[in-house]
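Novice: this one's structure only:
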């Protein structure tokens, strides 16, 4: 009965706290030894995870599976003793490592399915161009940690934005998808080529990651430069297009972007 009740709380909110309460309520520490409980729950957690993490299955939820795996690692009995011990601890480490590897492989399979082979190959090449613009281990000027960070961050943003575009435009042609991938790579090269641009805006405008005062000053400088000559290159144009502010001809709508962005700045100042 005790183990059956435990199974029902796995992966639920406050699972760890509820487990300890049940352990105490049943007085399980008196009749269920630590190693016996560790073995039993090892099997139970593994089965629970295996049902929701099947590589290649579109219904798999590896994020949740990893959360449940982490939950088991931190589970404690009512007396404070750690549940996962002994040989089970070593075996669980191997199981979780395999789970993490499967998660990466699963994401790659899912990405290829969503993008299509031709679009995926092209987009991977564009991402490679983007990241190599900032980091190359054998080129002295591009081999530092700062450059590596720029390559990593720009690559992450590239994947996120491309996946959002593909999800929002499932009927787009292969050509349209490839053109977007190329334009996205070009825009992100422009955004990240000046390291300070990362202090102006993040991928999610709502995130309060950087110093607001400095951010406002940098935006003000860019606005002044843009107003002086709107035809010249300006980071505001890049940011506007990256965040979806374009007119019907695909030109950046700087004023539309600024109108919304300044609202975000004001709301973040109040936090």
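Specialist: Sure thing, it's come through. Predicted model only: the values in this text are computed from it and were never measured.

Novice: now residue 150: how far from residue 134?
Specialist: 4 Å (C-beta to C-beta, to the nearest Å). In short, each C-beta sits where N, CA and C put it, glycine included.

Novice: between those two, what contacts are shared?
Specialist: residue 192 (C-beta atoms under 8 Å, 6 or more residues apart in numbering).

Novice: Under the pLDDT cut-off, which ranges of this structure? List them.
Specialist: Within the chain, the segments meeting pLDDT under 70 span 1-5, 28-29, 111-115, 194-215, 264-271.

Novice: domain ranges for it?
Specialist: Listed by automatic domain parsing, the domain ranges of the chain are 2-109, 116-193, 199-271.

Novice: With mean neighbour count added, can I get those in TSV?
Specialist: Compiled in TSV, the domains of the chain are given as follows (neighbours: other C-beta atoms under 10 Å):
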stretch	mean neighbour count
domain 2-109	15
domain 116-193	16
domain 199-271	14
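
Novice: ok, which stretches of the stretch 151-271 of the chain are helices?
Specialist: 174-192, 212-228, 235-242, 254-269 (DSSP state H, counting those that start in this stretch).

Novice: Next, the angle from the second one to helix 235-242.
Specialist: Interaxial angle of helix 212-228 relative to helix 235-242 (axes from the mean of the first three to the mean of the last three C-alpha atoms, to 10 degrees): 100 degrees.

Novice: Same question for the longest one.
Specialist: Orientation note: helix 174-192 sits at an angle of 150 degrees relative to helix 235-242 (the same axes, to 10 degrees).

Novice: other SSEs contacting helix 174-192?
Specialist: The helices and strands touching helix 174-192, judged by 3 or more C-beta pairs under 8 Å, 6 or more residues apart in numbering; DSSP states H and E, are helix 117-134, helix 145-168, helix 235-242.

Novice: Check the contact between residue 176 and residue 169; I expect there is one.
Specialist: Yes: counting by C-beta atoms under 8 Å, residue 176 does reach residue 169; the two are 7.4 Å apart.

Novice: thinking again about what came up before, mind giving me CSV with the helices of the stretch 151-271 of the chain and columns for distance to residue 80?
Specialist: CSV is the format used below for those (distance: least, C-beta to C-beta, whole Å):
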stretch, distance to residue 80
helix 174-192, 48
helix 212-228, 44
helix 235-242, 50
helix 254-269, 42
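
Novice: Of these, which is nearest residue 76?
Specialist: Nearest to residue 76 among the helices of the stretch 151-271 of the chain is helix 254-269; the distance by C-beta to C-beta comes to 38.8 Å.

Novice: Without its sequence neighbours, what residue ends up closest to residue 10?
Specialist: residue 48 (5.4 Å; C-beta to C-beta, 6 or more residues apart in numbering).

Novice: Secondary structure element holding the one you found?
Specialist: helix 34-52 (DSSP states H and E).

Novice: List the contacts of that helix.
Specialist: Contacts with helix 34-52, where a contact means C-beta under 8 Å, 6+ apart, come from 3, 6-7, 10-11, 28, 60-61, 64-65, 68-69, 71-72, 75, 77, 81, 83-86, 88-89, 91-92, 95, 99.

Novice: Okay, and which of the residues you listed map to strands?
Specialist: Using DSSP state E, no member of these falls within strands.

Novice: about what we covered before: ok now the helix holding residue 48, how far from the chain's centre?
Specialist: When C-alpha coordinates are averaged (C-alpha atoms, centre = their mean, to the nearest Å), helix 34-52 and its chain have centres 28 Å apart.

Novice: that's a helix at residue 55, yeah?
Specialist: No: counting by DSSP: H, G, I helix; E, B strand; the rest coil, residue 55 is not part of a helix but coil.

Novice: Look up phi and psi at it.
Specialist: phi -60, psi 130 (degrees, to the nearest 10).
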